[in-house]
Every structure is written in structure tokens, then in C-alpha cells.
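*Asks:* Need coordinates for the below:
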Amino acid sequence: MTAATHPIAFLGLGAMGAGMATRLADQGFAVTVWNRSPAAAHELASHVSVTACDSPTAAFESVTVVHSMLADDAALLAVFDDELLASVPAGRVHVNHATISPAAARELADRHARHGVGYVQAPVLGRSTIVTSGGLLVVASGDPDAVAAAQASLEALGQQTWNLGDDVAMAAIVKIAVNYSLISALQSIAESVSLVESAGIDSEEFVRILTHTAFSGAAHKGYGPLIAAQRYEPVGFAMSLGLKDLGLAESAAAERGVTLPLAPVLHELFEAAVSDPALSELDWSAVAEITRRRSGLTTP
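*Replies:* Model (predicted):
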């Protein structure tokens, strides 16, 4: 693979987007980048394989496959409107990595189809802190030809890509469900840690016991030590995004008649954390501090 033969573009350079664009550049892709705040694009352009452009239109003009990582439904629908898509040359493909609602994914797919632009819903699993090392996982769905066109860059992003079929909503639902499980795990860790701390037991030692066999997966091994040590920086995933994704899970469940008994409790805890200046700018695992506080234990 050489940069000359694999040009792509990346739109949206927050912590995750910048890491993904850097990962692709490191893997040999020539990456054209754009961000609503131009400074982020120009900073990333210091990489030998990265070039900044001044608009999404310019990105689509220069390459066949354009990746994006924007914040939410509203941001995606605002940027990828009919005016932009009508200007895109035929045969282009847009790969959206953001966590959005199934309804927004289908609306975006419909818009792209009206203008002959391929659309792939491809959210990623993993924290921004593991992106450049290739630790992400990708779940993708959409038109098979569009997925095939993006396959090389999707595979370069991380460890594995799952193709969930033609319906773009499928990848959106899987990502929402994964994040709901993670949010539930954060709270179960918080409650267990609060219980042992109330008895004077070292919570870091407890997490080592917890994750040795019974809960040896990435969620508990990754977040358990952070919660036990109250180490919530650097931020791997923002608290506000956790609340957003919890809302997506609640909405997706309501649309399908699915009951999520834990969701109202989790929602109240995240709202409390987001409204707390001491916690709102920390990693989403800092939601554990709400449980510590209500248990009469110390917080940062």
C-alpha cells in the first residue's frame, strides 16, 4: 500500500476523528482532512501524508472515499444536506463513523442515494486513546458496493470489521447497544467499588480480583482501574457523549417496544454528572463519582 494509490478524506477532527485520520495516514493512506474549526485540520497537516482542505465539497472532489466523525444526528444532517450531496461527483462514497440514531442513518442513506453517493454506516468500538495503535473495532452496514469501496480503509482503522448487511440502521443499533452495555458496566463497577470502599477494602486490589477471572473483558479491565483510582484523565470518551448515547438507546428501545429497566436510573446519574462542573469535563467513567458521593465516600 502506498499513499499515492490510496487517497481518502476525513471530515471531523475531534479527539476520535483526529486519531482515526492519523491512524490512516500512518497506514499509508494519503489523507485529505477538513474540520469546522480549521486550526485542527492545519495542525494535523503537519503529518507528511495529510493535507488540509477548506470544505467537505473540496474533500469529495479530490477522493473517492470520504470518512467522517461528527458529533451527533444534528451535525451529520446539517453538513450532509442535499445541497452538498448534489455537488458530489458520481461514484463517491461517504463512510460515517459517528454514533447516531437508526432514523438519522436511514435519512442520510436516502439523501445520499438521491444524489448517487454511496453511504456506509460504520461506527467504531473503542476509546480515542487506542485509535492510533489500531485498537478499534468497526461495525458497518450499507450498500454492498459502497462497503466494498471503503473496505481497505476500514480494515486499516483497527483490529476487525463486522459487515452487518445492507440496512444502515443495523450498524447504528449495534453501536448503541454496545454503548448501553458499557454504560451499565460503568455503573455496576461504581456500585461494587463503593461497596468495598465502605468496608475499608482497597478498591484497586478489589478490581484486580474482579478482573482476574470473572470479569476479564476489556470493559472491566479498562474502566475498573480508572474508577478505583479515580483517574479520569486523559478523557477517552466525553461525559456529554455518554448521556447522548444513553438517550439514543432509550429512543431506539422505545421505537421497538423494548423495555430497558435500568435506563431511567442511568440517565439520572449521567445527568447529575454532566451538570456537575467537577465531573462534566472528565471521562465518562467519572459518572462513578455520583455513586461514591451518594454513598458518603470521597470524590475528586
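
*Asks:* what sits against residue 281?
*Replies:* 235, 238-239 (C-beta atoms under 8 Å, 6 or more residues apart in numbering). Quick note: C-beta positions are derived from backbone N, CA and C, even for glycine.

*Asks:* of the residues you listed, closest to residue 109?
*Replies:* The closest of the contacts of residue 281 to residue 109 turns out to be residue 238 (C-beta to C-beta; 26.7 Å).

*Asks:* now that we have the contacts of residue 281, which one has the most neighbours?
*Replies:* Using other C-beta atoms under 10 Å as the neighbour test, those are led by residue 239, with 22 neighbours.

*Asks:* Setting aside sequence neighbours, what's the nearest residue to that residue?
*Replies:* Once flanking residues are discounted, residue 239 sits nearest to residue 284: 4.9 Å by C-beta to C-beta, 6 or more residues apart in numbering.

*Asks:* ok, now residue 60?
*Replies:* residue 88 (4.5 Å).

*Asks:* Mind pulling up the pLDDT for the one you found?
*Replies:* Confidence at residue 88, expressed as pLDDT, is 97.

*Asks:* From residue 31, how far out is it?
*Replies:* Here the criterion is C-beta to C-beta, to the nearest Å. By it, residue 88 lies 18 Å from residue 31.

*Asks:* got it, and residue 236?
*Replies:* Distance from residue 236 to residue 31, by C-beta to C-beta: 23 Å.

*Asks:* again with residue 81
*Replies:* For residue 81, the distance to residue 31 (C-beta to C-beta) stands at 24 Å.

*Asks:* Ok, residue 292 next?
*Replies:* For residue 292 relative to residue 31 (C-beta to C-beta), the value is 42 Å.

*Asks:* ok, now residue 261?
*Replies:* As judged by C-beta to C-beta, residue 261 and residue 31 stand 44 Å apart.

*Asks:* Compare the two (neighbour count), which wins?
*Replies:* Set residue 261 next to residue 31 and count neighbours by other C-beta under 10 Å: residue 31 wins out with 28 against 6.

*Asks:* helices or strands up against the helix or strand containing that one?
*Replies:* Here residue 31 sits within strand 30-34, counting by DSSP states H and E. With contacts taken as 3 or more C-beta pairs under 8 Å, 6 or more residues apart in numbering; DSSP states H and E, strand 30-34 sits against strand 7-11, helix 15-26, helix 38-44, strand 50-52, helix 56-62.

*Asks:* which other residues reach it?
*Replies:* 3-4, 6-13, 21, 24-25, 41, 44-45, 47, 49-56, 58-59, 62-63.

*Asks:* If you go by neighbour count, which of the residues you listed are buried?
*Replies:* For the contacts of strand 30-34, a burial check counting by 16 or more other C-beta atoms under 10 Å picks out 3, 6-13, 21, 24-25, 41, 44-45, 49-53, 56, 59, 62-63.
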